[in-house]
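>>> structure, please.
(one chain, ligands or ions: 1)
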Amino acid sequence: MGFFDEPQTYSPPEGRVEGIAKVTGKGKYSAEYQAAGMCYAVLVVSTVAAGVLNRVDLDTALMAPGVIEVLSYFKKPPVPGFADDNKIKETRFGLPVFYTDKIYFKGQPIALVIAESWEEAVYAATLIKAQYTVDKAVLDFDTAHAAVALKPAGKERGSMDAWGTQAATVEAEYTIAAEVHNPMEMHATIAEWLPDGKLKLYDKSQGVNNVQRVLSKVLGIGTDKIEVVSEFVGGGFGSGLRVWPHTLAAVMAAQQVKRPVKLVLTRQQMFSLVGYRPASWQKVKLAADNTGLFTGLLHQARHSTSVYENFNEGITRISRLVYRLGNLKTEAATVPLNLSTPTWMRGPGDCSGDFAIESAIDELCHQLQLDPVAVRLKNLSVDKDPDSGKPWSTNFLNECIEQGAAKIQWANRKPQPGQLTDGDWKTGYGMAVGLWNAGRGSASAGIVMQKDGSITVQTAMTDIGTGTGTAMLNMAHDHTGISHSKIKIELGNSTLPPAPSQGGSTGLSTISGAVNEVCKTLKTKLAEYAAKQNEAYKNALAVNILLSDTGIALETAGSHFITYADLFEKNKLETLEVEASSAPGDERQKYAFCSSAAHFCQLKVNTKTGKVKLLKMVCVVDGGKIVNEKPAANQISGAVVGGIGMALMEEQHVDPRVGGLIADDLAGYHFAVNADAPMIEVAFINKPDVNSNPSGAKGLGEVGIIGTAAAIANAIFNATGKRIRSLPITPDKLLG
Ligand code: MOS
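Okay, here's the model as predicted:
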């Protein structure tokens with residue numbers, strides 16, 4: 001028996017709870033709200049990558065039609081958190097927007113034009129001229145990284161001397177281009193200072209309570225004075241896990257002009273103002289004996305960061321978790337560049353590290369003439385986390401691999417590359433695995449019940465498209481017995497019961513505990529009222545209380561059914577409101593937790609054009625209990641599509657000659673679209689982890705992408721014999 005009961009099978013609702021609102025346009029995204037007297041703000045950004053801002057000429061802009069005000073370093077409202085350098089550090093906000101005259105990157109906000117209409121603000125922004133003292137900028141990651149010393153990243157295991165001469169050793173370098181989240185919905189903020197001194201924000205974000213907390217520090221006001229709404233989120237992929245300069249700029253503008261202000265980033269600004277996956281370099285030295293048993297791994301990594309803030313995503317973390325590896329050394333460093341600060345993006349850190357390790361394993365298997373499936377199965381550490389030594393609560397990565405191999409028909413793969421040809425096309429198969437910490441946070445949830453027995457389940461957590469709300473509906477139905485059609489879900493508002501940001505594949509794991517608790521609380525609260533009418537309900541346990549669409553009963557003999565209508569009337573209740581929280585406990589001391597996945601790929605490569613055509617992707621996931629298979633599979637196939645982009649096309653282009661980004665739009669930045677995606681077969685092991693949380697789920701999003709790129713690169717090698725160690729694998733690399 002685990003820490004929690006074995007969950008029942010959840011019966012899913014018909015579709016997504018937010019589906020109709022999203023497709024009909026009824027659901028509002030942050031930029032779509034209105035406020036009385038609202039004006040519009042447009043950012044003006046630096047045209048140089050490094051230096052000092054000396055002057056901003058505003059005169060022409062201020063005379064332009066509709067312009068209300070222009071903010072810049074030289075004129076801005078007070079921001080208490082930025083009062084001095086020490087305070088700025090304490091806020092951990094990142095870029096002290098308009099509070100520094102230093103220019104750190106091209107695209108850095110230097111002014112904000114506020115006008116009556118968006119068009120007028122856009123026009124006036126073109127009239128602003130700035131003067132800079134220009135410094136030399138460091139922009140080229142490939143040349144800059146070599147000069148940065150590596151430092152230990154985690155404790156060394158065993159000894160590096162123990163594995164010098166082995167049957168096979170792979171020593172290779174891998175690089176990954178920076179990638180940009182590019183969610184469909186633009187980052188946008190509407191800021192309004194209310195007459196009572198409170199700040200109300202509509203802000204595109206993955207965590208409304210996080211926005212509250214960060215702004216509270218920066219503005220020096222209590223979190224109770226800040227309300228943040230992010231009810232519908234059009235994708236995030238990590239870009240909404242921080243509070244970025246434009247949000248604060250909108251708040252400052254609203255303060256300055258004493259009116260609500262709307263600020264929507266342009267697509268181009270989305271490339272430099274809301275983070276990206278950093279560019280990375282890795283070196284792997286991996287050795288094995290002639291049976292394919294790994295005897296040692298040295299994993300070194302560097303990735304880019306900005307010059308004004310250190311972001312470290314932990315690229316070598318994953319090489320410490322998947323395989324037993326008695327001899328292991330991991331080293332890492334960050335490389336400051338004159339670009340904005342990168343941030344978490346789709347499987348951050350692990351996704352990059354995994355590409356190098358899982359490619360190197362494929363290279364090793366080729367040297368040893370051993371099967372990559374068999375070699376992985378031989379080396380996996382599915383019983384315990386090799387780093388902490390704690391037992392994994394559950395880890396079915398071996399089963400993921402076995403099922404995936406069957407689904408892709410791995411037996412059809414030829415061990416020697418280039419054997420399956422059809423005219424100019426060569427077919428290949430590849431595989432890789434991924435793993436991600438299955439975390440759980442503390443959260444609260446509330447239920448509001450109406451007389452007619454309908455309930456609204458509430459939490460501040462956002463749903464960025466993962467299906468959190470839909471899963472909450474499943475769980476609420478399962479725990480209460482009330483029909484799906486009588487349950488509503490409310491999310492993404494800081495006035496609702498608090499919850500962490502949605503990220504790191506922790507959403508469902510975190511909120512399931514709170515939903516479970518609040519359903520129990522609802523039952524016992526109803527029983528308390530019922531006890532006034534009927535003694536049998538006195539001190540009834542939640543487990544013995546039955547709810548239906550119309551009333552409450554007891555599982556014990558006699559049933560003692562009472563309608564909600566009767567109960568509400570006798571107790572003079574308009575609505576019944578309950579709230580409960582849940583947090584991880586001792587189980588996290590005893591066990592380590594992970595989700596995992598095996599990725600398989602079948603593709604063909606055109607030897608004349610270098611085009612890669614994916615034929616089939618398979619992703620088999622151990623995410624614990626699957627609460628609702630449809631959105632769960634959606635989430636995984638979406639993540640795989642992200643992995644296809646990472647493998648074959650996504651690249652943030654930095655041109656040191658122009659001092660920054662080029663091709664920073666959706667014409668210049670390619671990600672995988674429907675035509676690039678093959679049949680993606682998703683399957684789940686679907687075994688509950690009874691120590692993870694009451695739902696038995698472990699978390700899904702990240703493992704859908706961790707491993708995808710290596711599976712594709714390995715399949716390309718199997719097809720062509722070309723080992724490409726640099727992402728994205730564009731046709732030029734295959735023809736070169
Ligand atoms: Mo994410 S990088 O878990 O939004």
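
>>> quick one, strands of the stretch 601-736 of the chain?
Remark: strands assigned in the stretch 601-736 of the chain by DSSP state E, counting those that start in this stretch are 612-622, 653-655, 660-662, 679-684, 726-727.

>>> name every strand pairing with the last one and say which way it goes.
The reference is to strand 726-727. Here strand 726-727 has these sheet partners by DSSP bridges: strand 168-176 (parallel).

>>> tell me what the helix or strand just after the strand it pairs with is packed against?
Heading C-terminal from strand 168-176, the first helix or strand you meet, by DSSP states H and E, is strand 188-193. Contact here means 3 or more C-beta pairs under 8 Å, 6 or more residues apart in numbering; DSSP states H and E; on that basis strand 188-193 packs against strand 199-203, helix 245-257, strand 261-264. Bear in mind the C-beta positions are built from the backbone N, C-alpha and C, glycine included.

>>> now strand 188-193 against helix 245-257, angle please.
Orientation check (axes from the mean of the first three to the mean of the last three C-alpha atoms, to 10 degrees): strand 188-193 against helix 245-257 gives 30 degrees.

>>> buried stuff in strand 188-193?
A188, T189, I190, A191, E192, W193 (16 or more other C-beta atoms under 10 Å).

>>> if we can go back for a sec, now render the strands of the stretch 601-736 of the chain as CSV, adding distance to the ligand, mean neighbour count and mean pLDDT.
CSV is the format used below for the strands of the stretch 601-736 of the chain (distance: least, C-beta to the nearest ligand atom, whole Å; neighbours: other C-beta atoms under 10 Å; pLDDT from 0 to 100):
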stretch, distance to the ligand, mean neighbour count, mean pLDDT
strand 612-622, 15, 23, 98
strand 653-655, 21, 17, 96
strand 660-662, 21, 22, 96
strand 679-684, 18, 18, 97
strand 726-727, 17, 20, 98
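
>>> I'd like to know which of the ones you listed is closest to T100.
Proximity to T100 (C-beta to C-beta) singles out strand 660-662 among these, at 18.0 Å.

>>> and the stretch 601-736 of the chain, which residues reach the ligand?
The stretch 601-736 of the chain comes close to the ligand at residues G701, as judged by C-beta under 6 Å from any ligand atom.

>>> okay, helices next: where are they in the stretch 601-736 of the chain?
Shown for the stretch 601-736 of the chain, the helices assigned by DSSP state H, counting those that start in this stretch span residues 629-648, 708-720, 731-735.

>>> got the buried residues for the first one?
By neighbour count on 16+ other C-beta under 10 Å, the buried set for helix 629-648 is 631-648.

>>> hang on, I482 packs against V457?
No. Judged on C-beta atoms under 8 Å, I482 makes no contact with V457 at a distance of 10.1 Å.

>>> returning to that earlier point: now tabulate the helices of the stretch 601-736 of the chain in TSV and tack on distance to Y202 and mean pLDDT.
What follows is the helices of the stretch 601-736 of the chain, written out as TSV (distance: least, C-beta to C-beta, whole Å; pLDDT from 0 to 100):
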stretch	distance to Y202	mean pLDDT
helix 629-648	25	96
helix 708-720	34	98
helix 731-735	43	97
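
>>> ends of stretch 383-393, what's the gap?
Using C-alpha to C-alpha, to the nearest Å, the end-to-end distance of stretch 383-393 comes out at 8 Å.
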